[in-house]
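Q: Please find the sequence and the predicted model below.
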Amino acid sequence: MRFRRWAATMLASMVVAAPAAAGVFTDDLSRCLVSKASDADRTEFMQWMFGAMASHPAVAGMSTLTPAQHQQLNLQAAHLFERLMLVDCRPQIVAALKNEGQTAMETGFRVLGEVAARGLFSDPAVNAQTQAMGKMVDPAKMAELGKEAGLPSPAAAAATPAAKK
């Protein structure tokens, strides 16, 4: 029960929380989690996050994940969390919890989630989808917003000497 609450809190904090000011122990923990998680681990982590988010009623109908697949994703993620917390980064977890409290672990796993998400979004197919959405945004409205905010127009920014370097 406690792990489920912890996992849910970590997932929520990775997705919606603003960056927190991390202490030295949290930084050490974050570095350990990122360095000890392989590319395959990061993929597993993203699959678990996707499965968890796909359970939300607003998007559940868009996913074909079965209960058995959800269970498998949860099991794989539990093994990953256990390995990272109890073996690979145990000293950093203990130090962070002792010195900076529970939020250190949440921050550490949020950093791991961010690194995993960068890998996900750097995939050409994912990148093409994000660019496709970007092409549907009205450039005139965006230019108007930038002007209102006091930003130089894209044409003016491209003409500046700094942009030409």
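A: Arrived safely, thanks for sending.

Q: Next, the buried residues of the helix ranked longest in the chain.
A: The longest helix of the chain (DSSP state H) is helix 102-121. For helix 102-121, burial by neighbour count (16 or more other Cβ atoms under 10 Å) applies to 103-113, 115-117, 120. The way it works is simple: take the backbone N, C-alpha and C, and place the C-beta from them, glycine included.

Q: What is the least confident helix or strand in this structure?
A: Across the helices and strands of the chain, mean confidence by mean pLDDT, DSSP states H and E is lowest for helix 2-16: a mean of 46.

Q: can you state the direction angle for the next helix-or-strand element following it and helix 102-121?
A: For helix 2-16, the succeeding helix or strand toward the C-terminus, using DSSP states H and E, is helix 24-36. For helix 24-36 against helix 102-121, the angle by axes from the mean of the first three to the mean of the last three Cα atoms, to 10 degrees is 30 degrees.

Q: Report all helices and strands that helix 24-36 contacts.
A: The contact analysis (3 or more Cβ pairs under 8 Å, 6 or more residues apart in numbering; DSSP states H and E) places helix 24-36 against helix 90-100, helix 102-121.

Q: Quick one: low-confidence residue ranges for this structure.
A: Counting by pLDDT under 70, the ranges of the chain that qualify are 1-21, 154-165.

Q: go again using 80 as the cut-off
A: Along the chain, the model assigns pLDDT under 80 to residues 1-22, 153-165.

Q: domain parsing for it?
A: 2-125, 135-165 (automatic domain parsing).

Q: what separates residue 124 from residue 76, distance-wise?
A: Counting by Cβ to Cβ, to the nearest Å, the gap from residue 124 to residue 76 is 25 Å.

Q: repeat for residue 61
A: In this view, residue 61 and residue 76 are 24 Å apart by Cβ to Cβ.

Q: Show me which of the two is the more surrounded one.
A: residue 76 (16 against 8; other Cβ atoms under 10 Å).

Q: Which of the helices or strands spans the more buried one?
A: Using DSSP H and E, residue 76 falls in helix 67-82.

Q: winner for burial among the domains of the chain?
A: Counting by mean count of other Cβ atoms under 10 Å, domain 2-125 has the highest mean neighbour count of these, with a mean of 15.
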